[in-house]
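Q: Got a sequence here, can you model it:
(one chain, ligands or ions: 1)
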Amino acid sequence: MKRLVIAIDGPSGAGKGTLARTVAERLGYRHVDTGAMYRAVAWKAAHEGLPLDDDAQVSELARRAKYEQADGQITIDGHDVTRAIRTPEIDKASASVARLPHVRQILVDQQRALGAGGAVVMEGRDIGTVVFPQADLKFYIDASPEERARRRAADPAHTGSPSNIATVQSNLVARDKSDSTRSVAPLAKAEDAIYIDTTSMPIDVVVHRVLMLVAEKLEG
Ligand code: C5P
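A: Just a heads-up that it's a prediction; the model follows:
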């Protein structure tokens, strides 16, 4: 049986997380949430009072950090940060540290090591373009900003989100802008990625469509 590398990219709140987790479960593959890696580094940098735009200091922290992701739990250097990294402050802080080239290089190397043996579903912003340009299957998952804000506001994993959907939406749009205009590995659809607009599509339909394409790939 082939051990595929499946890349899932797209903006925040488009449904990548649920899709990647479910597809990985169904296939018995490893699920890697690369956004959680940037979030954990941002959390630790903020915790230590580092300036979030200092590439030398934050990348040194990222290089030394012991990061683990298993059964939905995320730890960095022994701290369980599963909930602490899903706050509006860390949304912003993660997008800041994600602009730093050395931080990206360190996390990209770790992500490549995690996916080296295949049998992985990896989600993020640059998986199909930078981390695994040779991935067996690439998806770009999108949804309208209104729908993404609605999903984000309803997501219990994101604590302390503003109750006002308009504020959630303007924060999301600001982060999309930061992610897609940065000079290193900006959020972009890989040319060979399959684009899925999930705005009016239930998640089980998206999962079904992705699993059909995986089955074709495994047969072909
Ligand atoms: O996916 P999530 O919203 O958890 O990602 C948090 C932030 O981490 C993003 O806004 C983005 O700035 C950064 N990120 C990235 N590259 C990835 C995954 C996440 O730059 N592969």
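Q: rest of the way, CA atoms for contacts and neighbours
A: Fine.
Q: where does this protein have low pLDDT?
A: 160-161 (pLDDT under 70).
Q: what ranges do the strands span in this structure?
A: 5-9, 30-33, 67-70, 73-76, 79-80, 120-124, 137-142, 194-197 (DSSP state E).
Q: Quick one, which of the ones you listed gets closest to N171.
A: strand 137-142 (16.7 Å; CA to CA).
Q: hang on, the earlier thing: can you list the strands of the chain in TSV and add mean neighbour count and distance to the ligand?
A: Output for these, formatted as TSV (neighbours: other CA atoms under 10 Å; distance: least, CA to the nearest ligand atom, whole Å):
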stretch	mean neighbour count	distance to the ligand
strand 5-9	27	8
strand 30-33	22	7
strand 67-70	15	13
strand 73-76	17	12
strand 79-80	14	16
strand 120-124	27	4
strand 137-142	24	12
strand 194-197	16	17
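Q: Which residues of the chain lie near the ligand?
A: 12, 34-36, 38-39, 91, 94-95, 98, 124-127, 175, 179 (CA under 6 Å from any ligand atom).
Q: Of these, which belong to helices?
A: The helices, defined by DSSP state H, take in T34, G35, A36, Y38, R39, D91, S94, A95, R175, D179 from these.
Q: Which of these sits closest to T199?
A: R175 (18.9 Å).
Q: For the closest one, which non-adjacent residue is spatially closest?
A: Closest residue in space to R175, ignoring its immediate chain neighbours: A95 at 6.7 Å, by CA to CA, 6 or more residues apart in numbering.
Q: Verify the stated contact: the one you found with S180.
A: No - counting by CA atoms under 8 Å, A95 does not reach S180; the two are 10.5 Å apart.
Q: The two: which is more packed in?
A: Under the neighbour definition other CA atoms under 10 Å, A95 and S180 were set side by side, and A95 has more, 21 against 15.
Q: Could you pull up the contacting residues of that one?
A: Y38, R175, S178, D179 (CA atoms under 8 Å, 6 or more residues apart in numbering).
Q: Run a quick neighbour tally on S163.
A: There are 10 residues near S163, going by other CA under 10 Å.
Q: Leaving out chain neighbours, which residue sits closest to it?
A: A153 (6.9 Å).
Q: Same check on T129?
A: Closest residue in space to T129, ignoring its immediate chain neighbours: A190 at 5.3 Å, by CA to CA, 6+ apart.
Q: which residue packs closest to A56, ignoring adjacent ones?
A: Using CA to CA, 6+ apart, the nearest residue to A56 is H102, at 7.5 Å.
Q: For the one you found, give me its contacts.
A: D55, A56, S59.
Q: which among those gets closest to H158?
A: Distances from H158 to these, taken by CA to CA, are shortest for S59, at 25.8 Å.
Q: For the closest one, give its distance to V184.
A: Applying CA to CA, to the nearest Å, the value for S59 to V184 is 15 Å.
Q: Would you mind telling me which of the two has more residues around it?
A: Neighbour count, other CA under 10 Å: between S59 and V184, S59 has more, with 22 against 16.
Q: since we're on the closest residue to the more buried one other than its chain neighbours, how many residues are nearby?
A: Closest residue in space to S59, ignoring its immediate chain neighbours: V103 at 4.4 Å, by CA to CA, 6+ apart. With neighbours defined by other CA under 10 Å, the count for V103 comes to 23.
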